[in-house]
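Colleague: using only what follows, build the 3D model:
(chains A and B)
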Amino acid sequence: MIVSHFLNGGLTRPILVTLLIIVAIALLVPASNLMLPATHPLHVPTYIVSLFGKYLTYALLALSLDLVWGYCGILSLGHGAFFTLGGYAMGMYLMRQIGSRGVYGNPVLPDFMVFLNWKELPWYWYGFDQFWFAMLMVMLAPGLLALVFGWFAFRSRVTGVYLSIITQAMTYALLLAFFRNDMGFGGNNGLTDFKDILGYNIQSDETRTALFAATALALALGVLLTAAITGSQFGKLMIAVRDAESRTRYLGYRPDMVKLFAFTFSAVMAGIAGALYVPQVGIINPGEFAPANSIEIVVWTAVGGRGTIIGPIIGALLVNAGKSWFTGALPELWLFALGGLFVFVTLFLPRGIVGTIQHGWGALKARRASQAAEAGTDANLSLPQATGTQAAAAQGAGE
Amino acid sequence: MNTPNEPQASTVKPPVVVPHPYALRDQLPPEPPSPEIARRKETLLYLNGVNVSFDGFRAINNLSIVLAEVEMRAIIVPNGAGKTTMMDIITGKTRPDTGEVFFKGDIDLTQHDESEIAMLGIGRKFQKPTVFEGHSVEDNLALALAGARSVFNTLFHRRTSANEARMSEILETIRLSHLRGNLAANLSHGQKQWLEIGMLLAQDPKLLLVDEPVAGMTDSETEETARLLREIAQTHSVIVVEHDMGFVRELGVKVTCLHEGSVLSEGSLDHVSADPRVIEVYLGR
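Modeller: So this is what the prediction gives:
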């Protein structure tokens, strides 16, 4: 009952429409891929399904960043770390699934361990042959890292650019650590050459479409939970912490706890996105920890519109579709285009695409309302607007 | 029919001393507190010999201020005389190097942080109006309303009709009822000041620290604010820090003048403004 109230709190009409669209995509795209013949004009080829499945994991990742950056003001430049950790947890499960079909045919040890002359499985690989355990770790590993990291950072009141820098340092440290062979995560090459997931061939069309559907449903769940959180009193508190942190403190709130919850929840979401990403691209390696990847997430979110729920999803899809097209057409220019896009959005669309549309729509409605009020009898309605602008004008004149 | 245990128990029981010596000890009246502590217990806010220095600069210098329950006090402070530091000490942002800070007689404020002190019942209004600009006037008040502050409680919070009624009442008091749904960012400077005072009211603290409430206000707004503060002072203790002498006169309360981090003069406004040392500090430089 309390939970249903919580979930209902976020269900505005745009969110409901978004959820319906995502669920429809989760059903229709696999259906078209599996049921329509390859010659049919509405047939979605498998490579497109996998490609868009990957984009949807990025969308979930961007949504998780939006929760902390757009709503809580924590600009994390290390969110790729949580994504990659979730991906590694899934990758470890997929490695254990290979069993004796590896190059060296060892039934327990993954190939890279045999190659390194390891005799037995390191303790932290135990349990990853169980799907449920791996899924638990997909959420626990990033969640715990975020909890510990956030606990120290937020309690010491590290904010703003300093926090961004240490999140960047965190993902860079993980990058260096995972590159080492003796860490036991495949070093440079990472984890790859997967065969099965839950006993199904990971290459088959059916598995690929199922993974696509699972990703879309995970995204829908992410949207639902994010909307519920941001629609609750806690969501208002997050925005309050973003806009005036010390004020919340003097009202008796604990901004460090607010941030810690948002950060940890967001890290778990990013981890799940990573876990869905790995089986669809077939590899996870330390390169995913690269700071540039984390910055790219920020670009998606900024382009789509931070502080909105639909924005980061649209941003992630658009930028990545653009990237796929651009790297095909003009491969050398992609990084310049990405950089240019970020500069353009920061300068001309600071609210992002969705934010700008929402803002424009709101301004249009307000103008219509005030016009109607001026034309009508009730002049009081337009008064607040007028006093607000007058005060702004007076301030402007004063400066 | 006797159970076998009963006679045994009665023989084993030790003789009972009535009353027990411990009970007697507890009945003794507690030792009378020293006169200093007895005086402290009757106050709402008690600062005694507080010192704070930053890198050798003494921001607060042996400051002692006592405030009774339901008392309004105006503090006039030249710039740089330790006004903000004093507020920071009371609200837990800054720890004093030495000295005592007590709330409600026996709560040692130096042992608590900002959030805890806010929950104990001290509200603070900043000099620059600090409201949540991204929220509507109503949401600003809703966040300030007394209630559970934990993550879990805010996640599953529901607004009750009692909350709504209280908010309407506060909106009426701070004259913002007609702007209930407006974004706080769109309010005028004076309206933001009032909204922040309204948030303090919603928080329902025992003590309000109000920092320059009429800075940047028009004359009529200043008058309104004085009326509002006098109304609040009927039921709350208030400390108002202000430069505006006209406003302080309108409040008509006891005045403390600070200079270089310590109390220079205290009494009625006429008494303080006639004090030669105050005149020297304000006009002599």
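
Colleague: going by C-alpha atoms from here, please, whenever you check contacts or count neighbours.
Modeller: Fine.

Colleague: ok, now which ones touch A:Phe326?
Modeller: If you count contacts by C-alpha atoms under 8 Å, 6 or more residues apart in numbering or on different chains, A:Phe326 has them with A:Leu333, A:Trp334.

Colleague: which element is it on?
Modeller: Element membership for A:Phe326 (DSSP states H and E) is helix A:310-329.

Colleague: who in the stretch 151-300 of chain A is up against chain B?
Modeller: The stretch 151-300 of chain A has residues A:229, A:232-237, A:239-240, A:243-244, A:247, A:249-254, A:257-258, A:261 near chain B, with proximity defined as C-alpha under 8 Å from any C-alpha of the partner chain.

Colleague: model confidence over the helix holding A:Phe326, on average?
Modeller: Averaged across helix A:310-329, pLDDT comes to 92.

Colleague: how far off centre is it?
Modeller: 14 Å (C-alpha atoms, centre = their mean, to the nearest Å).

Colleague: and the residue of the stretch 101-250 of chain B nearest chain A?
Modeller: With C-alpha to the nearest C-alpha, the shortest gap between the stretch 101-250 of chain B and chain A falls at B:Ser115, namely 4.0 Å.

Colleague: do I have it right that that residue meets A:Ser246?
Modeller: No: counting by C-alpha atoms under 8 Å, B:Ser115 stays clear of A:Ser246, with 9.7 Å between them.

Colleague: so between these two, which is more surrounded?
Modeller: Using other C-alpha atoms under 10 Å in any protein chain shown as the criterion, B:Ser115 and A:Ser246 rank with B:Ser115 on top: 22 against 18.

Colleague: where does the chain have low pLDDT?
Modeller: Answering for chain A, as no chain was given. In the predicted model, chain A carries pLDDT under 70 at residues A:1, A:376-399.

Colleague: should've been chain B
Modeller: Low-confidence segments of chain B (pLDDT under 70): B:1-17, B:19, B:21, B:24-30, B:146, B:283-285.

Colleague: before we move on, the earlier item: which non-adjacent residue is nearest the residue of the stretch 101-250 of chain B closest to chain A?
Modeller: A:Gly252 (4.0 Å; C-alpha to C-alpha, 6 or more residues apart in numbering or on different chains).

Colleague: where along chain B do the helices fall?
Modeller: Using DSSP state H, the helices of chain B run over B:5-12, B:21-27, B:35-41, B:83-91, B:114-120, B:137-144, B:151-155, B:161-173, B:189-203, B:219-232, B:245-251, B:269-274, B:276-283.

Colleague: give me the buried stretch members for the helix holding A:Phe326, please.
Modeller: For helix A:310-329, a neighbour-count test (16 or more other C-alpha atoms under 10 Å in any protein chain shown) marks A:310-320, A:323, A:326 as buried.

Colleague: which strands and helices sit next to the helix or strand just after that helix?
Modeller: Downstream of helix A:310-329, the first helix or strand assigned by DSSP H and E is helix A:334-348. Packing contacts for helix A:334-348, counted by 3 or more C-alpha pairs under 8 Å, 6 or more residues apart in numbering or on different chains; DSSP states H and E, involve helix A:291-304, helix A:310-329.

Colleague: what residues does helix A:334-348 touch?
Modeller: By C-alpha under 8 Å, 6+ apart, helix A:334-348 touches A:Val299, A:Ala302, A:Val303, A:Lys323, A:Phe326, A:Thr327, A:Gly352.

Colleague: switch to 7 Å and redo it
Modeller: A:Val299, A:Val303, A:Lys323, A:Phe326, A:Thr327, A:Gly352 (C-alpha atoms under 7 Å, 6 or more residues apart in numbering or on different chains).

Colleague: same check on stretch A:214-230?
Modeller: So stretch A:214-230 is contacted by A:6-11, A:19, A:22-23, A:26, A:53, A:56-57, A:60, A:235-236, A:276, A:309, B:155 (C-alpha under 7 Å, 6+ apart).

Colleague: for stretch B:128-144, same thing?
Modeller: By C-alpha under 7 Å, 6+ apart, stretch B:128-144 touches A:240, A:243-244, A:247, A:251, B:167, B:179-185, B:192-193, B:196, B:199, B:202-203.

Colleague: wait, doesn't the residue of the stretch 101-250 of chain B closest to chain A sit right on A:Arg249?
Modeller: Yes: contact status for B:Ser115 versus A:Arg249: in contact at 5.1 Å, counting by C-alpha atoms under 7 Å.

Colleague: so what sits against both of these two?
Modeller: With C-alpha under 7 Å, 6+ apart, B:Ser115 and A:Arg249 have no common neighbours.
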